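here is my input, please return the structure:
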Amino acid sequence: METHPSRISRLGQLERFLSVARLLLWTLWVMYRERRRVTRTQASGDAAAPPASPALIQVLAAFRDATMKQDVLLIKLGQFLSTRIDLLPEQATLVLSSLQDEVPPAPFAQVVSVIESELGKPVEEVFSVLERKCTAAASLGQVHKAVLASTGETVAVKIQRSQIDQLVRLDLRALRFVIWVMTRFVDAHNVIDLMGFYNEFERTIYEELDYVREAANAQRFRELFKDDPTIYIPQVYDQYVSRRLLVLEWIEGINIDDSAALDAAGINRLELARRTVNAYFYQFFAVGFFHADPHPGNLFARPGPPGNGPIVTFVDFGMVGSYTQLMRRFMKQAFLAVLARDARTLANALAQLGFIGEGAELASIERSMSGLLERYADLSLGEVRELGLSTILQEIGQLLYGQSLRIPARFAFIGRAVGTLMGVVMGLAPEFNFIEVATPYARAFLGLDARGMEQTAQQFLGQALAAGRALLRLPKAAEQVLSKLEAGELAVTLENRESRRWGGVRGRRSARGSGSASALAGFSWPFMFASSLAGGIFLLADAHQLGASWFCFALAGLCVLRAWVKR
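Take a look at the predicted model:
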């Protein structure tokens with residue numbers, strides 16, 4: 001028995017398309033105009049430009065209010081924008097941060113229709129009990145408690161909303177149309193990468209709509225934490241999984257933000273905060289695959305065995321983030337550049353990670369990053385706590401908004417997860433120290449712990465030897481060039497731009513003469529000595545790179561020894 005959800009009429013589609021397109025055009029136009037104003041003002045050297053105008057606040061407030069009527073995609077779009085500090089200043093993201101993905105539940109008849117359509121059998125054959133009242137309702141789907149007819153196990157049944165595919169396609173079409181219109185009338189690429197933003201958002205939405213993928217995510221997390229008794233991941237019932245239906249083990253627990261219930265159950269809130277954050281830092285730094293939506297409705301706690309502390313349970317695996325080994329390498333390079341206060345290397349690493357687009361003003365970005373590094377690089381953990389992590393993140397956000405920088409979706413997920421997690425944990429245990437818990441994971445990620453030092457040392461030694469071989473070959477290469485000059489075998493072509501422009505003949509001059517060539521040949525080793533000595537002094541005094549500086553000093557000593565032997 002297969003049923004089909006009702007379809008939206010053509011008139012209804014047209015009305016929704018025009019309504020959504022009008023709202024999106026107004027919103028994106030004001031976002032573009034304000035970002036262009038701030039980037040141009042800061043590029044001219046005026047850092048005092050107000051990052052958020054009343055017009056931007058007004059349009060985002062109107063957008064937020066409209067989501068309550070249009071629901072579905074606009075709620076997700078608002079939440080997506082609230083994490084994008086590269087597209088909106090902090091004051092503007094706060095307007096959207098109050099958006100909650102909570103909407104009235106779909107009628108129970110539609111729930112039954114979706115279940116029977118996906119499983120191809122009457123709902124009574126699958127569930128002996130299916131509660132009519134849902135336990136959670138969001139813009140894309142809702143959850144009902146049920147009992148499996150075959151085993152009697154209590155389960156959570158997640159069902160997509162009826163017509164959701166049609167509504168998502170319609171709203172995405174409206175968003176793409178608005179972006180097409182804007183790109184035809186203004187050169188927005190250097191201000192906001194609208195198509196890049198659209199592609200990331202579209203991919204995120206369709207991934208969240210695929211419950212088969214969500215089931216695979218849940219199974220992967222279950223495997224990751226199978227040996228950790230402090231973390232629990234619900235079981236997935238594979239035989240009841242489809243693109244629009246997902247059945248998981250029912251979880252009995254206390255919402256992590258319910259302080260009164262946690263205290264009544266005798267759960268240590270500080271220990272609960274520590275275990276939750278440890279689980280996330282393990283995902284961020286060690287695995288590179290993480291649960292990206294840690295709001296209180298997705299985190300539950302229950303007392304563990306006596307003397308073992310609480311157990312944290314994760315639910316809802318539709319929104320996850322990940323990064324590859326190549327991304328991990330450039331992330332490590334960026335972190336080390338921060339430690340070395342090397343703004344240029346930091347900018348190059350961020351470009352490789354997708355934060356800096358084509359046509360960006362690299363010099364301006366490097367200057368801004370250099371200022372941030374000088375301000376924060378030498379702070380101790382105590383000073384970071386005193387200043388406040390949120391203050392530092394706010395200034396970094398102002399840098400992102402004021403420059404031609406963008407946040408790839410993977411890293412926007414990290415920012416969203418960290419921001420949400422900080423809010424949850426601060427409410428759970430205000431005395432909790434994020435920095436102290438994060439430090440061991442960060443050191444291991446950077447290869448600064450005992451296990452990683454050997455690998456880091458090998459990488460450094462390999463780079464140093466490669467640089468040394470190149471430097472040792474330099475005098476010989478210089479002598480070969482000088483010998484060719486002396487023998488008249490090398491011609492130097494001097495080209496005049498004006499003559500080239502008007503079709504003039506290029507001039508060629510041959511360099512001959514043993515006197516000048518011999519003088520240059522004798523200059524190569526002293527030049528090698530001076531450059532090695534200067535490099536060693538710089539690395540020791542300014543960059544504080546002890547190993548590299550002594551390598552340069554040793555190379556300078558070899559130059560002196562070589563010159564003495566040839567006398």
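
so, low pLDDT: which residues of the protein?
Within the chain, the stretches with pLDDT under 70 are 1-7, 42-52, 70-71, 188-190, 339, 357-360, 376-405, 409, 448-567.

can you pull out the strands in it?
With strands called from DSSP state E, the chain shows them at 127-130, 136-137, 141-148, 154-160, 231-232, 245-249, 254-255, 289-291, 299-303, 310-314, 320-322, 491-494, 507-510.

any idea which of those strands gets closest to Phe355?
strand 320-322 (15.5 Å; CB to CB). All C-beta atoms are positioned from the backbone trio N, CA, C, and that covers glycine.

pairing partners for that closest one, with directions?
strand 289-291 (antiparallel) (DSSP bridges).

contacts for the strand it pairs with, please.
220-221, 224, 280, 283-284, 298, 314, 317, 319-322, 413-414, 417 (CB atoms under 8 Å, 6 or more residues apart in numbering).

name the nearest of those relative to Arg243.
Phe317 (15.0 Å).

of all the strands of the chain, which one is nearest Val112?
strand 127-130 (7.8 Å).

tabulate the CA atom coordinates of the closest one in CSV.
What follows is strand 127-130, C-alpha atoms only, in CSV (Å, rounded to 0.1, in the frame of the first residue of the first chain):
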residue,chain,number,x,y,z
PHE,A,127,4.6,-0.4,15.2
SER,A,128,2.4,-1.8,17.9
VAL,A,129,2.3,1.7,19.4
LEU,A,130,2.9,5.0,17.5
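
pull out the buried residues from it.
Phe127, Leu130 (16 or more other CB atoms under 10 Å).

what does that strand rub up against?
Val111, Val112, Ile115, Val123, His144, Ala146, Val147, Leu148, Ala149, Gly152, Val157.

got a list of what the residue lying closest to the second one once chain neighbours are set aside touches?
Excluding its sequence neighbours, the residue lying closest to Val112 (CB to CB, 6 or more residues apart in numbering) is Val123, at 5.2 Å. Contacts here follow CB under 8 Å, 6+ apart; on that basis Val123 touches Val112, Ile115, Glu116, Leu130.

out of these, which comes closest to Ala442?
For the contacts of Val123, the nearest to Ala442 is Ile115 (45.5 Å; CB to CB).

gap between that closest one and Ser162?
11 Å (CB to CB, to the nearest Å).

more neighbours: these two, which one.
Ile115 (25 against 21; other CB atoms under 10 Å).

quick check: that one touching Val126?
Yes: with contact defined as CB atoms under 8 Å, Ile115 counts as touching Val126 (7.0 Å).

can you name the residues bridging to the nearest residue to Pro105 once chain neighbours are set aside?
In space, Pro105 comes closest to Ala137 once its chain neighbours are excluded; the distance is 4.0 Å by CB to CB, 6+ apart. Applying DSSP bridges to Ala137 gives these bridge partners: Gln142.

doesn't Asp101 make contact with Ala137?
No: the pair Ala137 / Asp101 is not scored as a contact, 9.2 Å apart, by CB under 8 Å.

show the buried residues in the contacts of strand 127-130.
Using 16+ other CB under 10 Å, the buried ones in the contacts of strand 127-130 are Val111, Val112, Ile115, Val123, His144, Ala146, Leu148, Val157.

my guess is the fifth one contacts Ala137, does it?
No: taking CB under 8 Å as the definition, His144 is not a contact partner of Ala137, at 9.8 Å.

burial check on the closest residue to Phe197 other than its chain neighbours, number of neighbours?
Distance criterion CB to CB, 6+ apart; nearest residue to Phe197, sequence neighbours excluded, is Leu87 at 7.1 Å. Neighbourhood size, Leu87 [other CB under 10 Å]: 25.

got the contact list for Leu87?
With CB under 8 Å, 6+ apart, Leu87 has these contacts: Met31, Arg35, Leu81, Ile192, Phe197, Tyr401, Arg406.

out of those, which two sit at the greatest distance?
Phe197 and Tyr401 (14.2 Å).

on that earlier part again, can I get the strands of the chain in TSV with distance to Phe185?
Formatted as TSV, those follow (distance: least, CB to CB, whole Å):
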stretch	distance to Phe185
strand 127-130	52
strand 136-137	40
strand 141-148	37
strand 154-160	37
strand 231-232	51
strand 245-249	43
strand 254-255	48
strand 289-291	39
strand 299-303	45
strand 310-314	45
strand 320-322	34
strand 491-494	48
strand 507-510	50
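
quick one: closest of those to Phe201.
Comparing the strands of the chain by CB to CB, strand 320-322 comes nearest, at 14.5 Å.

what's in contact with the closest one?
Applying CB under 8 Å, 6+ apart, the set of residues contacting strand 320-322 from outside is Asn217, Gly288, Phe289, Phe290, His291, Ala292, Arg410, Phe413, Ile414, Ala417.

closest to Asp258 among those residues?
Among the contacts of strand 320-322, and counting by CB to CB, the member closest to Asp258 is His291, at 19.7 Å.

any buried residues in stretch 242-261, and which?
Ser242, Arg244, Leu245, Leu246, Val247, Leu248, Glu249, Trp250, Gly253, Ile254, Ile256, Asp258.

and what of stretch 157-168?
Val157, Lys158, Ile159, Gln160, Arg161, Ser162, Gln163, Ile164, Leu167, Val168.
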